[in-house]
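Undergrad: Here is my input, please return the structure:
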Amino acid sequence: MIKLAIAGMGYIGKVHYDASHKVEGARVVAAFTSRPDLVRQHCDSSVILYANFRDMLVESRPDAVIVSVPTYLHEEYVIEALAHGCHVLCEKPFALNRHTGEKMVAAKDRAKAVLMVAQVLRFWPQYVEIKRMIERGKMGSVKVVHAHRLGTTHAMGSWFLDPAKSGGCLLDLQVHDVDYVYWLLGYPSEIRTVGIRSESGCWDHVSTTLRCGPAVATIEASFLMADSWPFTCSVQVTGTRAVAEYGFRVSGNVSEREQAADELILYPAGSGATRVDTSREDMYVAQLKHFVECVKENRDSSVCPLQESLDVMSLMDASLQSAETGRPVFLD
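TA: Have a look, this model is predicted:
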């Protein structure tokens with residue numbers, strides 16, 4: 001049995017906790033939280049709650065830790081967990097920049113442990129199916145990818161509004177789709193980002209274009225939607241043989257995903273549109289299953305290679321540079 005601990009029991013920490021109940025051979029034994037009164041209502045009585053992260057590592061001795069504290073704390077908590085001999089699943093974004101990500105990778109190498117970044121689109125059935133259709137040739141040559149991820153900060157902590165702690169929607173939302181475009185098309189040669197900043201300097205809305213060989217991808221991310229706006233994400237992939245479109249919309253945020261309206265449609269050239277059926281397995285369950293398998297076998301993830309997670313941080317650095325300077329960034 002793999003003993004899991006969770007550092008940070010905000011909404012995404014609770015998502016991981018709920019997913020653990022559907023992962024055979026693993027269970028959550030402890031959680032670090034600053035709000036034990038609220039978290040106790042969500043967790044089984046068998047889960048020991050800690051107000052001190054190091055105490056949790058020393059006393060509960062977990063095999064692996066899911067790090068879901070705010071982004072600016074990832075470096076501290078990931079390195080501490082690795083130093084205590086734990087494997088780590090780190091929530092996205094990996095870090096605020098590539099340099100910080102490299103420090104965590106160095107700690108992982110010293111510990112000879114598994115470190116995986118939770119890029120959940122690589123486990124989301126419809127996003128995975130689009131990649132499979134491309135690999136099977138059903139899409140032909142990909143020419144255009146368009147993705148958007150639109151939400152609001154009304155249910156999030158105040159740290160999301162601090163550019164030194166979150167990076168705004170540029171990092172928190174856009175990182176999903178930048179990673180997905182990289183997964184589909186490879187490392188881009190050029191990136192351009194324009195956006196809108198809040199009074200605090202946080203990027204509240206960004207639009208990014210990436211050139212990947214003969215293909216172009218455009219990504220829109222926003223925290224500016226009204227409180228009543230349902231969390232919405234979509235991706236459209238245009239190829240020479242077909243267009244694939246997936247849309248997802250749910251009131252609240254992803255923690256209410258079981259009530260979401262979503263649909264994957266394939267539009268082949270020369271024939272009618274068809275709805276594509278996929279696995280209905282929850283993406284967070286699939287992600288955690290994969291991580292637990294990696295821990296059991298003491299091997300790095302083949303779905304979310306750590307080098308690719310570092311590459312994505314380089315892309316986010318470039319996106320930020322482009323947004324701040326108003327100029328494109330050309331990449332090696």
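Undergrad: Okay, strands next: where are they in the stretch 51-200 of the chain?
TA: 64-67, 87-91, 115-118, 142-150, 190-197 (DSSP state E, counting those that start in this stretch).
Undergrad: And the first one, how far out from the chain middle?
TA: What separates the centre of strand 64-67 from the centre of its chain is 15 Å, taken as Cα atoms, centre = their mean, to the nearest Å.
Undergrad: and if you look at stretch 229-240?
TA: The mean C-alpha position of stretch 229-240 is separated from the chain mean by 16 Å, Cα atoms, centre = their mean.
Undergrad: Tell me the buried residues in it?
TA: P230, F231, T232, C233, S234, V235, Q236, V237, T238, G239 (16 or more other Cβ atoms under 10 Å). Placement of C-beta: from N, CA and C, glycine included.
Undergrad: Contacts for the strand or helix carrying L210, please.
TA: Using DSSP states H and E, L210 falls within strand 203-212. For strand 203-212, contacts defined as Cβ atoms under 8 Å, 6 or more residues apart in numbering pick out 163, 167-170, 174, 178, 181, 185-198, 216-224, 315, 319-320, 322-323.
Undergrad: do the same with stretch 281-300
TA: By Cβ under 8 Å, 6+ apart, stretch 281-300 touches 2, 15-16, 18-20, 22-23, 25-26, 63-64, 66, 87, 89, 114-116, 118, 120-125, 257, 301, 303, 306.
Undergrad: can you give me the strands in the stretch 201-332 of the chain?
TA: Under DSSP E, counting those that start in this stretch, the stretch 201-332 of the chain gives strands at 203-212, 215-222, 231-239, 242-250, 261-268, 274-275, 329-330.
Undergrad: Present the ones you listed as CSV; the columns should include mean pLDDT and distance to T152.
TA: CSV is the format used below for these (pLDDT from 0 to 100; distance: least, Cβ to Cβ, whole Å):
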stretch, mean pLDDT, distance to T152
strand 203-212, 97, 10
strand 215-222, 98, 9
strand 231-239, 96, 8
strand 242-250, 96, 13
strand 261-268, 95, 18
strand 274-275, 96, 29
strand 329-330, 98, 29
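Undergrad: For the closest residue to R211 other than its chain neighbours, which residues are in contact?
TA: Closest residue in space to R211, ignoring its immediate chain neighbours: E190 at 4.3 Å, by Cβ to Cβ, 6 or more residues apart in numbering. Taking Cβ under 8 Å, 6+ apart as the criterion, E190 is in contact with T209, L210, R211, P328, V329, F330, L331.
Undergrad: my guess is G151 meets D227, correct?
TA: No: counting by Cβ atoms under 8 Å, G151 stays clear of D227, with 10.4 Å between them.
Undergrad: what's the burial count for S189?
TA: S189 has 12 neighbours, counted by other Cβ atoms under 10 Å.
Undergrad: sorry, back to before: indicate which one of the strands of the stretch 201-332 of the chain is closest to S141.
TA: Closest approach to S141 among the strands of the stretch 201-332 of the chain (Cβ to Cβ): strand 231-239, 6.1 Å.
Undergrad: Sheet partners, orientation included, of that closest one?
TA: strand 142-150 (antiparallel), strand 242-250 (antiparallel) (DSSP bridges).
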